[in-house]
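Engineer: got a sequence here, can you model it:
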Amino acid sequence: MAGHSQFKNIMHKKGKQDAIRSKLFSKLAREITVAAKMGLPDPAMNARLRAAVIDARAENMPKDNIDRAIKKASGSESENYDEVRYEGYAPGGVAVIVEALTDNRNRTAGDVRSNFTKAGGALAETGAVSFMFDRVGLILFDKSVASDDAMLEAAIEAGADDVVSSADGHEVITALESLRDAQKALEAKFGEPRKASLVWRPQNTIAVDDESGEKILKLVGALEENDDVQNVYANFEISDALMAKLQG
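Structural biologist: Numbers count the residues shown, from 1 in each chain. From the prediction side, this is the model:
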């Protein structure tokens, strides 16, 4: 089960500035409200809501904000959001999946298309690139909660498909239908995970040169700045030199 991680959700955080944190909280609240509206307003009985609340807690979103977002789902002022998936190509032939929650499909589609075009990429039809990804469950734990062997053993018992442990933590991969049961089993043993949700996992990744890598990261950043965009996934790898340059 263990092996080299080919999965990188490049939803990278851009620091802790107030404006960025406010935007992040708004996106987290929107997901919580939508999840609560689609099912029961109880995280214990609603897997999607549970995942949204875990994500919010991981970002230190205040409990009052979380509770308010849940209550908003049953209120008359609650907006109606459509879940939309966009697919396209970034420079270097890299495949990109964008998940959005929007109250105006035309606005969001126009913005996303513009982001791709400005980056030298192109928006494609739904289904054009998603076949290069697997829809799977992802459970993330901090490195400190268990040794690599202990996490692997527990994940096998919980019915997971794969575990990748690194200095960043433990990535437990499950089948789509197994996420909830595996999460409950691992949570009982190790406590609340850092993340537990459905994601798009690339089947293979493409190594790109530094020039393309910078353009792709700029595209991802622009997409994530969009208030309607919730998640961005892509199947590329950048060089250690470019990563060091960006971190420096």
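Engineer: do a quick rundown of the strands in the chain.
Structural biologist: For the chain, the strands defined by DSSP state E occupy 82-90, 94-102, 122-124, 133-141, 162-166, 169-174, 195-202, 206-207, 229-234, 236-237.
Engineer: who wins for proximity to Thr33 among these?
Structural biologist: strand 94-102 (9.1 Å; CB to CB). No exception for glycine: its C-beta is placed from N, CA and C like everyone else's.
Engineer: follow-up on the earlier one: now the strands of the chain in JSON lines, with distance to Gln183?
Structural biologist: Shown next, in JSON lines, are the strands of the chain (distance: least, CB to CB, whole Å):
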{"stretch": "strand 82-90", "distance to Gln183": "21"}
{"stretch": "strand 94-102", "distance to Gln183": "20"}
{"stretch": "strand 122-124", "distance to Gln183": "33"}
{"stretch": "strand 133-141", "distance to Gln183": "6"}
{"stretch": "strand 162-166", "distance to Gln183": "14"}
{"stretch": "strand 169-174", "distance to Gln183": "8"}
{"stretch": "strand 195-202", "distance to Gln183": "5"}
{"stretch": "strand 206-207", "distance to Gln183": "30"}
{"stretch": "strand 229-234", "distance to Gln183": "18"}
{"stretch": "strand 236-237", "distance to Gln183": "28"}
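Engineer: nearest to Ala52, of these?
Structural biologist: Closest among the strands of the chain, using CB to CB: strand 195-202, at 7.9 Å.
Engineer: paired strands for the closest one, with orientation please.
Structural biologist: strand 133-141 (antiparallel) (DSSP bridges).
Engineer: contacts for the strand it pairs with?
Structural biologist: 7, 9, 95, 97, 151, 160-161, 169-176, 178-179, 182-183, 186, 190, 193-203, 233, 235 (CB atoms under 8 Å, 6 or more residues apart in numbering).
Engineer: how much space separates Thr33 from Asp55?
Structural biologist: 13 Å (CB to CB, to the nearest Å).
Engineer: for the chain, which spans come out with low pLDDT?
Structural biologist: 1-19, 76-78, 246-248 (pLDDT under 70).
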